[in-house]
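Chemist: got a sequence here, can you model it:
(3 chains)
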Amino acid sequence: MTLGEIAQLVNGRLRGPADVLISGPVSSGSKNEGGIAFAETAEYLAKAEDSGAAALLLPLDIESASKPFIQVENPRAAFMVLLKHAERPLPLAPGIHPTAVVHPSAEVHPSARVGPYAVIEVGARIGEDCRIYPFAYIGEDCELADDCVVFPHAVLYQNVSLGRGTIIHAGAVLGADGFGYVWDGEKRIKVPQIGSVVLGENCEVGALTAIDRGTVDATEIGDGTKLDNLVQVAHNVRIGKHGAVAAQVGLAGSATLGDRVMMAGQSGVGDHVTIVSDVAVAARGAAIQDITEPGEYIGTPARPSAEGKRSMLLFFKLPELFARLRKLERRLGE
Amino acid sequence: MTLGEIAQLVNGRLRGPADVLISGPVSSGSKNEGGIAFAETAEYLAKAEDSGAAALLLPLDIESASKPFIQVENPRAAFMVLLKHAERPLPLAPGIHPTAVVHPSAEVHPSARVGPYAVIEVGARIGEDCRIYPFAYIGEDCELADDCVVFPHAVLYQNVSLGRGTIIHAGAVLGADGFGYVWDGEKRIKVPQIGSVVLGENCEVGALTAIDRGTVDATEIGDGTKLDNLVQVAHNVRIGKHGAVAAQVGLAGSATLGDRVMMAGQSGVGDHVTIVSDVAVAARGAAIQDITEPGEYIGTPARPSAEGKRSMLLFFKLPELFARLRKLERRLGE
Amino acid sequence: MTLGEIAQLVNGRLRGPADVLISGPVSSGSKNEGGIAFAETAEYLAKAEDSGAAALLLPLDIESASKPFIQVENPRAAFMVLLKHAERPLPLAPGIHPTAVVHPSAEVHPSARVGPYAVIEVGARIGEDCRIYPFAYIGEDCELADDCVVFPHAVLYQNVSLGRGTIIHAGAVLGADGFGYVWDGEKRIKVPQIGSVVLGENCEVGALTAIDRGTVDATEIGDGTKLDNLVQVAHNVRIGKHGAVAAQVGLAGSATLGDRVMMAGQSGVGDHVTIVSDVAVAARGAAIQDITEPGEYIGTPARPSAEGKRSMLLFFKLPELFARLRKLERRLGE
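Modeler: Alright, predicted model coming up:
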């Protein structure tokens, strides 16, 4: 695209030659030449001017730059428009690839695409415009609403249902047996896991994330909730709407999270623990007791952020603390 | 099934109409209508009476309820019987699917089932009644005893052997190279990993769990030991019998665990650390030194539970502690 | 091989019968009989003499042993030679397996091997002697330099490039979307992720490790850097050369690691955190602020090792500390 075409696309004011060819959006620190970056402040402008970018997206109050630029109300939003424009789905031909194994009882909408070596089992239903990539396994009685995407190698066991527009990344496993055993005095007896997994609309499940099916009911994830990579969601977990669960988080059996809960990287929630809506748990935080008030939490066990941070800082003052205590003891010993 | 048929199945005393149709087992908190839940105490009875369940499994000493019920000696055990009855394996047709790639030198028992697009390599042996799901990769010289189940997308490299009745969940990887390198002053030189992986009978390996092969000997997991999802078992690890390793646990190279060791979620064991039998490590605990006495351990590094918990509680009193110390210092300064 | 042939292979001095048949290299603690182990010290010699090994590799200064042995300058290095000799790649027939789906626009070097059910997408390029195992998915425009190995079930989305000799283990996922969303007041809007993943030469990526593609630029991993299993590498991360990242480590978005950085098991780096070259972070350590000096770090947040260890030791003395403080308070209260 030319810079002029980009100015039109983002509905901005062009300050430079319209015919410069732009390779695509780049970061403000990129060494790649020929792209367009955005900057919202003078500080980022300086960084972007030093970068390989050929042109910039700037706010209305920045009037000059050492590179051609486009002025817009919201450079970040305009950049998102460019990203969206540059995005290109993984290739997938229309129709059902001849090597896909689709059970005769499965219903695949004619507009859906099914890639090579996908397997769609007994009674599964695939909605409009779904994209099922190579090696995906869609198990018995799974239901995919319209516009779902299942990336290569994702596995859905039985009775997994995905709401409209939900995306499952490569290697994710939904519906495996929960970790349930009864100790009989000598060995563990497996508790059969016969429940399901239900994801709402517009969810996203990261690569290599595991969501076990419920023991008898469903493991549930609400509309708009996003899970990152390598997350563990144990059986009977319930997550509300619009949550965000970062990479390597572990949610133990029957944990219940309200709406808009944010779990930062490597954090965890203990089994049967309930967390109300609008809670954020910091990286590595471990909620092992119920959290009943919205807010930010940190530490193991997770505490309100201000309190937890104070203790974490003082932790590294323990040597000083012991020294001071010893001094007092000596003085009093005198 | 009708309630009367269920009463017969669990050998219980029917207290209500025999002809009520029951959809299946449900949890005592389920909103789904028409199922049967169990309750062992008055507290759970109240919860189950409020639920959507159409009928209940109750102990002999509870004589009345607001819903039809069945009295049994052990409601939990009776519920297990219902779960077992309702369980249904992932579908898999008898025989070897025509798209499976089975090397001529591999031996597959005629009663075993091999799904579409499974690959069974040179010299592998698959025992009676094994179930090999789509996209499973059974590498060279692997040996599966009878009744093993390998779910979709599991990967067994070379020389992996599974004892009778062992289950491998989707996406698990057994037998990848251990993380072994020698630093030559400039770069890491890979130490060839030529060992094997040996699992005992009735083991279960969760989805997306990795068990590396030994450097020269075997990485070993004893009979009846269960691993949850996303667990890391490094090369040369040895785990005894009837252990339980929860999700996202990491066992570093050459760690050795005795029998019946329980590792809770996100806990870890350091390299070359030995843990005796009958130890339980709490969630997030990190055993970085040998544990020589049975019991419960907690924290990083893992300590006996009582001791560790006391320190964890006091951790959040550090601000108070510093304040009290300062007060003393001031008084003495006067 | 016979012991005599082994002595020739490692260029050592045979002290025992040349015609003993040796099954292969074994550990010095192995119960398996018939192999050859190495020992560098008297202590390990004693252990190896007690093992099932039929012969030993010993240093020049050990002159006698209870088993046949070979004297060499460096027993460990000689053992590496034996490992290398005993190593055998996962089987993979020459050429492209007829079930592999290779897009007509992809370029596969005639010397490369492509296994059953591999998928190679639009515009991908596969270099000399590459080994692409069953079920591997090589996405659009990926570039594999010579001698790369992609194990079963690994997934490369679009625009992933691998330097010469790089190895990707089973189930690893490279190039999935980074975890990027913008909160619009009601829900999360996905930020399109259009960047790439670039790995240098001689990298190794463990089983079930996830490396997300950059938002607009590349997620980069330098020459010779090794990642273990179940590692999370978020979008826009940059790792330098010859690093080592152990299992279950999480590197958050835009984290930047210098050369030769070692991250021990279950450790982490926060988003946008920069770590200079020659830093080692201990197991479970969490670098949530920049690390500007080479050295060893430990704890959460990560501190220089000596300081962090002192605090960790004192942590378990907190009960004692409180008791001593209380005693002082009482005395002063008198």
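Chemist: close to chain B: what parts of the stretch 1-150 of chain A are there?
Modeler: Residues of the stretch 1-150 of chain A lying near chain B by Cβ under 8 Å from any Cβ of the partner chain: A:99, A:101, A:117, A:119, A:121, A:122, A:135, A:137, A:139, A:140. Any C-beta I mention is one placed from the backbone N, CA and C, and that applies to glycine too.
Chemist: within reach of chain C, which of these are there?
Modeler: When contact is defined as Cβ under 8 Å from any Cβ, those meet chain C at A:99, A:117, A:135.
Chemist: so how do I select the buried members of these in PyMOL?
Modeler: The buried residues among these can be selected in PyMOL (16 or more other Cβ atoms under 10 Å in any protein chain shown) with this line:
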select buried, chain A and resi 99+117+135
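Chemist: okay, the ones next to chain C among the residues of the stretch 1-150 of chain A next to chain B in a markdown table with pLDDT and secondary structure next?
Modeler: Shown next, in a markdown table, are those (pLDDT from 0 to 100; DSSP: H, G, I helix; E, B strand; the rest coil):
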| residue | pLDDT | secondary structure |
| --- | --- | --- |
| A:99 | 95 | coil |
| A:117 | 96 | coil |
| A:135 | 96 | coil |
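Chemist: which helix in chain A has the most residues?
Modeler: The helix that spans the most residues within chain A, counting by DSSP state H, is helix A:318-333.
Chemist: look at residue A:309 and tell me its secondary structure.
Modeler: State at residue A:309, reduced to three classes by DSSP: H, G, I helix; E, B strand; the rest coil: helix.
Chemist: can you get me a residue count around the residue lying closest to it once chain neighbours are set aside?
Modeler: Closest residue to residue A:309 apart from its sequence neighbours, by Cβ to Cβ, 6 or more residues apart in numbering or on different chains: residue A:298 at 6.1 Å. Neighbourhood size, residue A:298 [other Cβ atoms under 10 Å in any protein chain shown]: 23.
Chemist: what residues does the stretch 151-300 of chain A put near chain C?
Modeler: Within the stretch 151-300 of chain A, the positions adjacent to chain C are A:151-153, A:169-171, A:202, A:204, A:206-208, A:224, A:226, A:228-230, A:242, A:244, A:246-248, A:265-266, A:283-284 by Cβ under 8 Å from any Cβ.
Chemist: if I look at the residue nearest to residue A:309, what pLDDT would I see?
Modeler: Note for residue A:298: predicted pLDDT of 96.
Chemist: mind listing what it touches?
Modeler: Shown in contact with residue A:298 (Cβ atoms under 8 Å, 6 or more residues apart in numbering or on different chains): A:281, A:282, A:285, A:304, A:305, A:308, A:309, A:312.
Chemist: residue A:91 and chain C: what is the separation?
Modeler: Distance, residue A:91 to chain C, using Cβ to the nearest Cβ, to the nearest Å: 5 Å.
Chemist: and chain C, is stretch A:14-22 touching that?
Modeler: No: using Cβ under 8 Å from any Cβ, stretch A:14-22 stays clear of chain C, with a minimum separation of 12.6 Å.
Chemist: and that stretch, end to end?
Modeler: 14 Å (Cα to Cα, to the nearest Å).
Chemist: and that stretch, how far from the chain's centre?
Modeler: 36 Å (Cα atoms, centre = their mean, to the nearest Å).
Chemist: before we move on, what about stretch A:276-283?
Modeler: Computed by Cα atoms, centre = their mean, the chain-centroid distance of stretch A:276-283 equals 15 Å.
Chemist: and stretch A:207-219, by the same measure?
Modeler: In this view, stretch A:207-219 has its centroid 16 Å away from the chain centroid, taken as Cα atoms, centre = their mean.
Chemist: figure out the length between the terminal residues of that stretch.
Modeler: 19 Å.
Chemist: tell me the mean pLDDT for it?
Modeler: Stretch A:207-219 comes out at a mean pLDDT of 97.
Chemist: that one and chain B in contact?
Modeler: Yes: with Cβ under 8 Å from any Cβ as the criterion, chain B is reached by stretch A:207-219 at A:208, A:210, A:212, A:214, A:215, A:216, A:217.
Chemist: farthest-separated two in the residues you listed?
Modeler: Pairwise distances among the residues of stretch A:207-219 next to chain B were taken by Cβ to Cβ; the largest, 26.8 Å, belongs to A:208 and A:216.
Chemist: who is residue A:25 paired with across the strands?
Modeler: On the basis of DSSP bridges, residue A:25 is bridged to residue A:36.
Chemist: okay, it: pLDDT?
Modeler: On the pLDDT scale, residue A:25 gets 95.
Chemist: thank you kindly, that will do.
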